[in-house]
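J.: my questions are about this predicted structure, shown below with the sequence.
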Amino acid sequence: MKSTTRLRRLGTAVGAAVAVAYGGSIILQPPISACDHGDVSPLAAIRRKIHDPYAVVPSRDVQQSSLIGASAANPLDILVVGGGATGTGVALDAVTRGLRVGLVEREDFSSGTSSRSTKLIHGGVRYLEKAVFNLDYGQLKLVFHALEERKQVIDNAPHLCHALPCMTPCFDWFEVVYYWAGLKMYDLVAGARLLHLSRYYSAKESVALFPTLAREGKGRSLRGTVVYYDGQMNDSRLNVGLACTAALAGAAVLNHAEVVSLLKDDVGERIIGARIRDNLSGKEFDTYAKVVVNATGPFCDSVRKLADNDARTIICPSSGVHIVLPDYYSPEGMGLIVPKTKDGRVVFMLPWLGRTVAGTTDSNTSITLLPEPHEDEIQFILDAISDYLNVKVRRADVLSAWSGIRPLATDPSAKNTESISRDHVVCEDYPGLVTITGGKWTTYRSMAEDAVNAAIKSGKLNATNGCVTSNLRLLGGEGWDPAYFTVLAQQYTRMKRSYRCKIVPGIMDTASAKHLSHAYGTLAERVAAIAQNENLGKRLAHGYPFLEAEVAYCARNEYCESAVDFIARRSRLAFLDTDAAGRALPRVIEILAAEHKWDKSRQKDEMKKAKEFLETFKSSKNAQFHDGKHN
């Protein structure tokens, strides 16, 4: 019976994929409302609308027309500024409450901090330690809340998130007892939201699980490890999933659209909309809304100053640098946590998408669109992990390195700024402009809920129902299970052109099938159909499972408007291997040009911008040294 259901779903998805391939972004059936299915709950109606196998996202032109159509006489309920995790979370929360919603993003969904995270969905072990030793109830509440949200994020996007065991090495028996007790407390605080129980492993067992872990070094011997579980995600794909889910639910989302000014009422007492520039066409237009939500992360102060130039700065930016190393540095399915480096920082080394990601730093920085990692920060991470490994850690092995800006925030209503919160801040320091900032990826959903609650109060908005996002699966997540990739492997081939322009079938190998399944969920069948039916089955880069078909699919269904959008956010090639991303660029641009009707000038411009972008990712080949020091 199960296989029959799966094949039926496969048939409907293939039909939708063919429609997408030939018709672009269209909706084959009218949106589903509660009355279409009798007396059902708002959540059930929303689920049916989002997971309708015949529905695809409205085109970018349609979305822009919706924003232009929001007039002073007929405004949106909420206009969200910022397309990161929090902004797209706000859009999804608001539209599923029955509100009329628009969202604009200056660059691309997840182009800033939200694509440059540690890829962990975590409760915060360090916060628990502070809560216990400082008797800080506020820190304890943060951990309780984050652990609750951790489980919900994983449940709502099971194809993009999973539990990951993390190993903490102990080099004396006091550390064994200390970390075992602390992580058992972490399990206890998680309660019903527990992913898996933590446990102790002997030194021998630990090395069997993590072969590159050092048993001896610097006059110390490994006594064992304590392994606990947190969540891991594909951050930018989760962010794009939020944007597309909001679009299917009815929100008008528009990337590459920048707010150039805020509109005020006749007496200048309230924000009533924004002047927006489409950065692809240069066209400007006004969009009106009862409330504007500022969810621009580290850039939130610049938006606040558009309303009030004297607004007090609330962001204290912090730089987080990560590096990517080959897969042999860590085993598949086991991370390593260095709880205390020489200067007291925590460093992670985690398997991610077939490679190893290590980080992170925490240092003051300036706010910029394209932050770059400094060589000393990269070296700090390499030095920190080398103390715990039995293999030589080489700078030459760094495939990619990037920097992200954490928007650490202070509450503008606070009497002093001594304590910078790791929690989020919601404020309305100018009528009609609600700002949400701070926090972390793990708690994006509850941050969005708080922001929408504040917006409803500010604009006296009439929501048809309360927040439903805690139990709402994102696009591609409904009906997905870990064995789903077998459907792709069994049902599809990857048609591709050979050297003499002959079209030849290639198997849908396990690596490609697993990648598509995890990246797109149940919508992977649409990508596979394009690979099979349009001869776009070749891999974009040697050693990586990304297919040419993904470029076409993302252009049609995920608002992929530039080469950088694809190599950085729709696929993760720029983050995994900067040089491989550079080699894939010509083909990526060729496919996007066919999809978006680019002329030669635009293609040349795309290549230039993409190369400039990749220069900010410091692989071993584009690192710059002078007399042993970084330039």
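T.: Nice, I can see it. A quick note: this is a predicted structure, and the numbers were derived from the prediction, not measured. Numbering: from 1, shown residues only.

J.: what about the closest residue to residue 79 other than its chain neighbours, how many residues nearby?
T.: Once flanking residues are discounted, residue 79 sits nearest to residue 289: 3.6 Å by CB to CB, 6 or more residues apart in numbering. All C-beta spots, glycine's among them, are computed from the backbone N, C-alpha and C. Residues contacting residue 289 under the criterion other CB atoms under 10 Å number 25.

J.: shaky segments in the stretch 1-150 of the chain?
T.: Scanning the stretch 1-150 of the chain for pLDDT under 70 picks out the ranges 1-39.

J.: can you give me the strands in it?
T.: 76-81, 101-104, 120-121 (DSSP state E, counting those that start in this stretch).

J.: likewise the stretch 201-350 of the chain?
T.: Using DSSP E, counting those that start in this stretch, strands in the stretch 201-350 of the chain cover 216-217, 220-221, 224-233, 252-254, 257-264, 271-278, 284-294, 315-325, 335-338, 347-352.

J.: so where's the stretch 351-500 of the chain uncertain?
T.: For the stretch 351-500 of the chain (pLDDT under 70), the answer is 412-422, 499.

J.: tell me which stretches of it form strands.
T.: 355-359, 363-364, 400-409, 424-430, 433-438, 496-497.

J.: could you list the domains of the protein?
T.: 43-115+237-314+411-471, 120-233+317-405, 483-616 (the TED database).

J.: chain center to the second one: distance?
T.: Here domain 120-233+317-405 is found 19 Å from its chain centre; the criterion is CA atoms, centre = their mean, to the nearest Å.

J.: and what of the first one?
T.: Shown here is domain 43-115+237-314+411-471, whose average C-alpha point lies 17 Å from the average C-alpha point of the whole chain (CA atoms, centre = their mean).

J.: with the last one instead?
T.: Computed by CA atoms, centre = their mean, the separation of domain 483-616 from the middle of its chain amounts to 19 Å.

J.: mind checking the end-to-end distance for that domain?
T.: 37 Å (CA to CA, to the nearest Å).

J.: quick revisit: including mean neighbour count, could the strands of the stretch 1-150 of the chain go into JSON lines?
T.: Shown next, in JSON lines, are these (neighbours: other CB atoms under 10 Å):
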{"stretch": "strand 76-81", "mean neighbour count": "29"}
{"stretch": "strand 101-104", "mean neighbour count": "30"}
{"stretch": "strand 120-121", "mean neighbour count": "28"}
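
J.: how about the domains of the chain in JSON lines, adding distance to residue 477?
T.: Shown next, in JSON lines, are the domains of the chain (distance: least, CB to CB, whole Å):
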{"stretch": "domain 43-115+237-314+411-471", "distance to residue 477": "8"}
{"stretch": "domain 120-233+317-405", "distance to residue 477": "5"}
{"stretch": "domain 483-616", "distance to residue 477": "5"}
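
J.: near residue 250, how many other residues are there?
T.: 20.

J.: can you tell me how far it is from residue 92?
T.: The spacing between residue 250 and residue 92, counted by CB to CB, to the nearest Å, is 10 Å.

J.: quick revisit: export the strands of the stretch 1-150 of the chain as a markdown table, with columns for distance to residue 515.
T.: Formatted as a markdown table, the strands of the stretch 1-150 of the chain follow (distance: least, CB to CB, whole Å):
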| stretch | distance to residue 515 |
| --- | --- |
| strand 76-81 | 31 |
| strand 101-104 | 28 |
| strand 120-121 | 20 |
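
J.: what's the pLDDT at residue 339?
T.: Looking at residue 339, its pLDDT is 80.
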